[in-house]
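>>> what follows is a protein structure lacking sequence information:
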């Protein structure tokens, strides 16, 4: 089995700045829960196919105890559109669609489908690369709350 990194697929090339491992801290809030802070690591990788594999894990800053994990695929298209599929450790699944902007180094996503969720109805995610740091914001709506900020973090490439 070859161990060399395969060539980057042309569909992935505009988002190749994501490839690698990112680590940092984030904070969460929502009207129905106490606010919290967390450590986070995200890894973006590719296999030469027109997709970027995504894995994410978070932990409590105080104890290092695992909190949340999710994985999936970012599927960019040459026209600037993107589809993202994510499975969370909680059992929730998301299909998100949106767009990426090569010049601004942003990705904007909105849920098309949130599955296996009793309370979550809609999510959106926005990623932005600024001064070499990757930041994101996640918005969420539930059966009792409108779409509003839930998570935000800033991560540095390792």
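Yep, that arrived. The model shown is predicted, which means the values in this text are computed figures rather than measured ones.
>>> C-alpha from now on. contacts and neighbour counts both.
OK.
>>> so where is this structure shaky, pLDDT-wise?
1-3 (pLDDT under 70).
>>> which parts of it are strands?
Counting by DSSP state E, the chain has strands at residues 20-30, 33-45, 52-60, 66-76, 81-88, 93-101, 106-115, 120-130, 133-142, 148-157.
>>> ends of stretch 5-13, what's the gap?
14 Å (CA to CA, to the nearest Å).
>>> let me redo that: stretch 8-28
Stretch 8-28 stretches 34 Å from its first residue to its last (CA to CA).
>>> report the buried residues of that stretch.
8-9, 11-16, 18-19, 21-26, 28 (16 or more other CA atoms under 10 Å).
>>> and for stretch 58-77?
In stretch 58-77, counting by 16+ other CA under 10 Å, buried: 58-60, 69-77.
>>> tabulate the residues you listed (CSV), appending distance to residue 119.
Shown next, in CSV, are the buried residues of stretch 58-77 (distance: CA to CA, whole Å):
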residue, distance to residue 119
58, 21
59, 23
60, 24
69, 19
70, 18
71, 21
72, 21
73, 24
74, 25
75, 27
76, 29
77, 31
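>>> out of those residues, flag the one nearest to residue 116.
residue 70 (14.3 Å; CA to CA).
>>> quick one, what contacts the closest one?
55-57, 86-89 (CA atoms under 8 Å, 6 or more residues apart in numbering).
>>> excluding chain neighbours, what is closest to it?
Among residues not flanking residue 70 along the chain, residue 88 sits closest, at 4.1 Å (CA to CA, 6 or more residues apart in numbering).
>>> same check, this time on residue 100
Closest to residue 100 by CA to CA, 6+ apart is residue 107, at 4.3 Å.
>>> re the thing from before, list buried residues within the contacts of residue 70.
Counted by 16+ other CA under 10 Å, the contacts of residue 70 give 55-57, 86-88 as buried.
>>> for stretch 116-123, which outside residues touch it?
91-93, 110-111, 113-114, 138-143, 147.
>>> and the furthest pair within these?
Spatially, the most separated pair among these is 91 and 147, at 20.6 Å (CA to CA).
>>> look at the two and report which has more neighbours.
residue 147 (15 against 10; other CA atoms under 10 Å).
>>> I'd say the residue nearest to residue 70 and residue 69 touch.
Yes. Using CA atoms under 8 Å, residue 88 is in contact with residue 69, at 6.0 Å.
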